[in-house]
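Student: Below is the sequence, then the predicted model.
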Amino acid sequence: MDGTVKEKIMDYLAGKLTCKEVTEAVTEYLEGTFTFWERVRFQMHLGMCVGCRNYLRQIKQTIRTLGKLPTEPIPPDVREELLRRFRNWKKG
Amino acid sequence: MAEERVTSSDDLEQLEALRNGDERAFASLVDRYYGSLLRLAMAYVPSRAVAEEVVQETWVGVLEGLSRFEGRSSLKTWIFRILTNRAKTRGQRERRYEPMGLGGDSGDNLDGPAVDPDRFLKSGYFVDHWVSQPNAWEDETPERLLLSKETRAQIEKAIEALPPTQRQVITLRDIEEVSSQEVCNILDITETNQRVLLHRARSKVRRTLEPYMEGQTGRT
C-alpha cells in the first residue's frame, strides 16, 4: 500500500482516541465488548503510546494481584460450631 | 436471566457427599469458602461482627437448602447468592439503626474519572493525552507482591474505601474470580451496570497502588 495512504488510515484509526478515552475504555476492552473496529482503534493507540501500554499493564497487574489476595482462615471454634450444626442437620 | 451454567462434576460429587451427610465434604466446603464469604459480607454490612453473623446464617441457609438445590448454577454461585440475600436484608436493617449511616451512595453514580485529570494535557493538538505518562510497574508476580504486608494492607484499604456496590462487584469478579454472567446473577444487576461499577473500582485500586508500586523503584 502507498505509504501516505497508509499513514492517513493509521491517523484516522488512532487519532480519534485520546489517552484519557483509553483509560475510560480499558474495562470494556478487557471485557471484550468492543466491536472489531473499536478494538483495532484501541490497539492502534496502544501501539503508539507507551503511557497507555503501561496503564493497561498496571490495570492487568492490579487484577492479577486482586485474584491472589489471601482470605482469612476460619477460626477453629467457628469451624467446630459449624460441624456440630452439620451433625445436627444430618440427624434431621 | 438465561443462566444455563450447570454444576460441574466436582460440584455434583460434593453435593452428593453433603446430602449423604459426609462431614468431611462439609468441612472442606467451609474451609474453602469461609474467608470469601466473610469478605463478601463485609461489602454489605457496617461491621465485622455483623458480617460474621451473616456468614453463620449463610451456612445455616446452605444446610436448609441442600435438598432443594437443583444444580442450575455452580455450588459457589449458589452459596454466594444465599449470602448476598441475607447480607442485603441485614445491611438495610443495620443501616437504618446506624446513626451515622453509610450514606445513600449505592455506587451507581459515576464518581469521577478513572485517572486524575491533571495528568492529561488541557489544550492543544494533544489535548487529553498524557502529561505524565504512567510508568512501568515493577515486574513482580502477584504472589511476591502480596508477601509484603504493606501492599496487602494498601489493597484492602482501597477496597474498603469503595462504595458498597463497587466493592461487591470487584470482590466477586477480581478477588473471587466469578464470571461476569454469574456476578450479574448474584447481584441482580445488568452487564452494563456491572461493567461501570467494575471500571470505577479497578481504576481506584490501581490509583491507590500506583505511588506505592513506583515508589519501590525509587521514582522521583
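Tutor: Cool, got the structure.

Student: quick check, stretch A:82-92 touching chain B?
Tutor: Yes. Residues of stretch A:82-92 contacting chain B under CB under 8 Å from any CB of the partner chain: A:82, A:83, A:85, A:86, A:87, A:89, A:90. Bear in mind the C-beta positions are built from the backbone N, C-alpha and C, glycine included.

Student: Residue B:30: what's it in contact with?
Tutor: A:74, A:79, A:82, A:83, B:59 (CB atoms under 8 Å, 6 or more residues apart in numbering or on different chains).

Student: Just to be sure, the first one is in a strand?
Tutor: No. Assignment of residue A:74 by DSSP: H, G, I helix; E, B strand; the rest coil gives coil, placing it outside any strand.

Student: which SS class is the residue of chain A found nearest chain B?
Tutor: Closest contact between chain A and chain B, by CB to the nearest CB, is at residue A:71 (2.8 Å). At residue A:71 the chain is in coil, as set by three-state DSSP.

Student: Which residue, other than its chain neighbours, is closest to it?
Tutor: Of all residues not flanking residue A:71 in the chain, residue B:35 sits nearest, at 2.8 Å (CB to CB, 6 or more residues apart in numbering or on different chains).

Student: you'd agree the one you found is up against residue A:73?
Tutor: Yes. Between residue B:35 and residue A:73 there is a contact under CB atoms under 8 Å: 6.5 Å.

Student: Compare these two and say which one has the larger neighbour count.
Tutor: Counted by other CB atoms under 10 Å in any protein chain shown, residue B:35 and residue A:73 do not tie: residue B:35 has more neighbours, with 16 against 10.

Student: distance of the more buried one from residue B:176?
Tutor: Separation of residue B:35 from residue B:176 (CB to CB, to the nearest Å) stands at 10 Å.

Student: what does residue B:155 give?
Tutor: Going from residue B:155 to residue B:176 by CB to CB gives 15 Å.

Student: At the geometric centre of chain B, which residue do we find?
Tutor: The centre of chain B sits closest to residue B:171, judged by CA atoms, centre = their mean, with a distance of 0.9 Å.

Student: And the helix or strand containing residue A:90, what does it pack against?
Tutor: Taking DSSP states H and E as the criterion, residue A:90 maps to helix A:76-91. With contacts taken as 3 or more CB pairs under 8 Å, 6 or more residues apart in numbering or on different chains; DSSP states H and E, helix A:76-91 sits against helix B:23-42, helix B:48-65.

Student: how about 10 Å then?
Tutor: Judged by 3 or more CB pairs under 10 Å, 6 or more residues apart in numbering or on different chains; DSSP states H and E, helix A:76-91 is in contact with helix B:9-19, helix B:23-42, helix B:48-65.

Student: Can you give me the buried ones in the longest one?
Tutor: In other words, helix B:23-42. Using 16 or more other CB atoms under 10 Å in any protein chain shown as the test for burial, helix B:23-42 gives B:25-26, B:29-30, B:32-42.

Student: Below-threshold pLDDT in chain A: ranges please.
Tutor: Within chain A, the segments meeting pLDDT under 70 span A:1-3, A:6-15.

Student: Which pLDDT value belongs to residue B:89?
Tutor: Per-residue confidence (pLDDT) for residue B:89: 89.

Student: repeat for residue B:95
Tutor: We have a pLDDT of 68 for residue B:95.

Student: before we move on, the earlier item: just give me the closest of the buried residues of helix B:23-42 to chain A.
Tutor: residue B:35 (2.8 Å).

Student: right, and the closest one touches residue A:78 too?
Tutor: No. Judged on CB atoms under 10 Å, residue B:35 makes no contact with residue A:78 at a distance of 11.2 Å.

Student: so who does residue B:74 touch?
Tutor: Residue B:74 is in contact with B:5, B:6, B:7, B:8, B:10, B:11, B:80, B:178, B:179, B:182, counting by CB atoms under 10 Å, 6 or more residues apart in numbering or on different chains.

Student: out of these, who has the most neighbours?
Tutor: In terms of neighbour count, residue B:80 stands highest of these at 26 neighbours, by other CB under 10 Å.

Student: Just the buried subset of the contacts of residue B:30, please.
Tutor: Buried among the contacts of residue B:30 by 16+ other CB under 10 Å: A:74, A:82, B:59.
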